[in-house]
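**Q** With the sequence up front, the predicted model follows.
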Amino acid sequence: MNDPLTILGLESSCDDTAAAILRVGDSAQILAQTVHGQGQLHAAFGGVVPEIAARAHAEKLDVCVAEVLRASGLGLRDMDAIAVTAGPGLIGGVMSGVMCAKGLAAGADLPLIGVNHLAGHALTPRLTDNVPYPYLMLLVSGGHCQFLRVDGPQDFMRLGGTIDDAPGEAFDKTARLLGLPQPGGPAVEAEAALGDAARHIFPRPMLDRPGCDMSFSGLKTALLRARDAIVAVKGGLTVQDRRDLCAGFQAAMQEVLAEKTRRALASFPDLRVIAVAGGVAANQAIRSALVEVAEAAGVQFIAPPLALCTDNAAMIAYAGAELLRAGQRDDMTLAARPRWPLDSAAPAMLGSGRKGAKA
């Protein structure tokens, strides 16, 4: 039996400021958690503005910490460690979280644990379902999409990923092209539910190539051309036009993710669990398609509750607990990292940028 650890987690990698307190023994219990979103701050800009996000994180992090301490009835002295997202993400937001965590750790004389945000998502099935290692993970979020074999809290093998836009980015760009609100994922999903997916058959990128790599930039471009063709004929889009475009886009995304998941499962027939995490995992049509793939392969499908699919601090606290047990300790030299691949041995994905691999 593992002695219980009580961990305070902080998350500020994008546009959600979050804190959580977990008690982690042989299983994990969320004692308190809170998330302050920034949707209204960025709504007028059609996407997340890094400078606005960083300032909002700096203003809300201490508020979040106070909220979870009050809700749990605990104090900083009751914690065993402070875990914080140290990357990857928008550098201003990550820095805000790291500096807040350093101050808390120094003031309360607690261990500081820097957590890879992607590892937080990848370990969420252990937080929610106590899944044993190893397992296959599809991490599909706003800025990332990759298949991972997870063998430990610091042991990840990447099978494939996006070489350009992640699914969440493609959903957001599609929403902007069609005049839908941000975040784009829920808006496009709601419209697609009322549309005809057969009206527009968009390309299924990279299904004609072996392996698990994906590309969604061309899918977005195909939707743009279909939209422009309708506008050229009609002078604008009707409500049904927009719904049909969303349905066709989502169907293409769904088919690509399902087929690539089949290939990933075939790569490791010894793995009996496929888990999915990240914001796009909240899409019910995509989730249903992945369930069908898992059932056909005879493996267990696990997805966290919707509240733990999107960015949250509970997953950071849990990853911090596993790292603490593995012997990791950081100090005041802990740096915020805009890029931080989980599998450092894998080659950088195309389009990763001059500063190196993003994930």
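**A** Sure, I can see it. Note that the coordinates shown come from a computational prediction; the quantities given were computed from them, not determined experimentally.

**Q** can you give me the helices for the stretch 1-150 of the chain?
**A** Using DSSP state H, counting those that start in this stretch, the helices of the stretch 1-150 of the chain run over residues 39-42, 50-72, 91-108, 117-122, 124-129.

**Q** Please identify the deepest-packed of those.
**A** Stretch with highest mean neighbour count among the helices of the stretch 1-150 of the chain: helix 117-122 (a mean of 28; mean count of other C-beta atoms under 10 Å). Yep, even glycine has a C-beta here, placed from its N, CA and C like the rest.

**Q** Run the chain-centre distance for that one.
**A** Relative to the chain's own centre, helix 117-122 is displaced by 7 Å; criterion: C-alpha atoms, centre = their mean, to the nearest Å.

**Q** repeat for stretch 182-198
**A** Taking C-alpha atoms, centre = their mean, one finds the center of stretch 182-198 at 20 Å from the center of the full chain.

**Q** can you tell me the distance between the two ends of it?
**A** One end of stretch 182-198 sits 25 Å from the other (C-alpha to C-alpha, to the nearest Å).

**Q** what about Met79, distance to Thr6?
**A** In this view, Met79 and Thr6 are 5 Å apart by C-beta to C-beta, to the nearest Å.

**Q** Need the overlap of contacts for these two.
**A** Shared contacts of Met79 and Thr6 (C-beta atoms under 8 Å, 6 or more residues apart in numbering): Ile21.

**Q** Does Pro203 lie in a helix or a strand, and which?
**A** Assigned by DSSP states H and E, Pro203 falls within no helix or strand.

**Q** How confident was the prediction at the residue lying closest to it once chain neighbours are set aside?
**A** Excluding the flanking residues, the one nearest Pro203 by C-beta to C-beta, 6 or more residues apart in numbering is Ala222, at 5.5 Å. Looking at Ala222, its pLDDT stands at 96.

**Q** In PDB, could you pull the C-alpha coordinates for the helix or strand harbouring Ala222?
**A** According to DSSP H and E, Ala222 maps onto helix 217-234. Taking C-alpha atoms only, helix 217-234 is exported to PDB below (Å, rounded to 0.1, in the frame of the first residue of the first chain):
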ATOM      1  CA  SER A 217      -4.600  21.500 -42.400                       C
ATOM      2  CA  GLY A 218      -5.800  20.300 -45.800                       C
ATOM      3  CA  LEU A 219      -9.200  19.400 -44.300                       C
ATOM      4  CA  LYS A 220      -9.600  22.900 -43.100                       C
ATOM      5  CA  THR A 221      -8.700  24.200 -46.500                       C
ATOM      6  CA  ALA A 222     -11.200  21.900 -48.200                       C
ATOM      7  CA  LEU A 223     -13.900  23.300 -46.000                       C
ATOM      8  CA  LEU A 224     -12.900  26.900 -46.800                       C
ATOM      9  CA  ARG A 225     -13.200  26.100 -50.600                       C
ATOM     10  CA  ALA A 226     -16.600  24.500 -50.100                       C
ATOM     11  CA  ARG A 227     -17.800  27.500 -48.100                       C
ATOM     12  CA  ASP A 228     -16.500  29.900 -50.800                       C
ATOM     13  CA  ALA A 229     -18.200  27.900 -53.500                       C
ATOM     14  CA  ILE A 230     -21.600  28.100 -51.700                       C
ATOM     15  CA  VAL A 231     -21.100  31.900 -51.100                       C
ATOM     16  CA  ALA A 232     -20.200  32.400 -54.800                       C
ATOM     17  CA  VAL A 233     -23.500  30.800 -55.900                       C
ATOM     18  CA  LYS A 234     -25.900  32.100 -53.100                       C
END
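
**Q** tell me what it is packed against?
**A** Helices and strands touching helix 217-234, by 3 or more C-beta pairs under 8 Å, 6 or more residues apart in numbering; DSSP states H and E, are helix 167-177, helix 239-267.

**Q** Just list the residues touching Met157, thanks.
**A** Contacts of Met157 (C-beta under 8 Å, 6+ apart): Leu148, Arg149, Asp151, Asp343, Ala346.

**Q** Compute the first-to-last residue distance for stretch 106-119.
**A** Stretch 106-119 has its terminal residues 25 Å apart, counting by C-alpha to C-alpha.

**Q** For stretch 270-283, which residues meet the burial criterion?
**A** Leu271, Val273, Ile274, Ala275, Val276, Ala277, Gly278, Gly279, Val280, Ala281, Ala282, Asn283 (16 or more other C-beta atoms under 10 Å).

**Q** Closest one to Gly195 out of the residues you listed, please.
**A** Proximity of the buried residues of stretch 270-283 to Gly195 (C-beta to C-beta) peaks at Asn283, which lies at 14.4 Å.

**Q** Run through the residues that contact that closest one.
**A** Neighbours of Asn283 in contact, by C-beta under 8 Å, 6+ apart: Gly185, Glu189, Gln250.

**Q** from those, which single one is nearest Leu207?
**A** Comparing those against Leu207 with C-beta to C-beta picks out Gln250 as the nearest, at 16.1 Å.

**Q** Contacts only, for the nearest residue to that closest one once chain neighbours are set aside.
**A** Spatial nearest neighbour of Gln250, chain neighbours left out: Ala192 (4.2 Å); criterion: C-beta to C-beta, 6+ apart. Shown in contact with Ala192 (C-beta under 8 Å, 6+ apart): Arg243, Cys246, Ala247, Phe249, Gln250, Ala251, Ala285.

**Q** Out of those, which comes closest to Leu74?
**A** Once C-beta to C-beta is applied, the member of the contacts of Ala192 that ends up nearest Leu74 is Ala285, at 40.2 Å.
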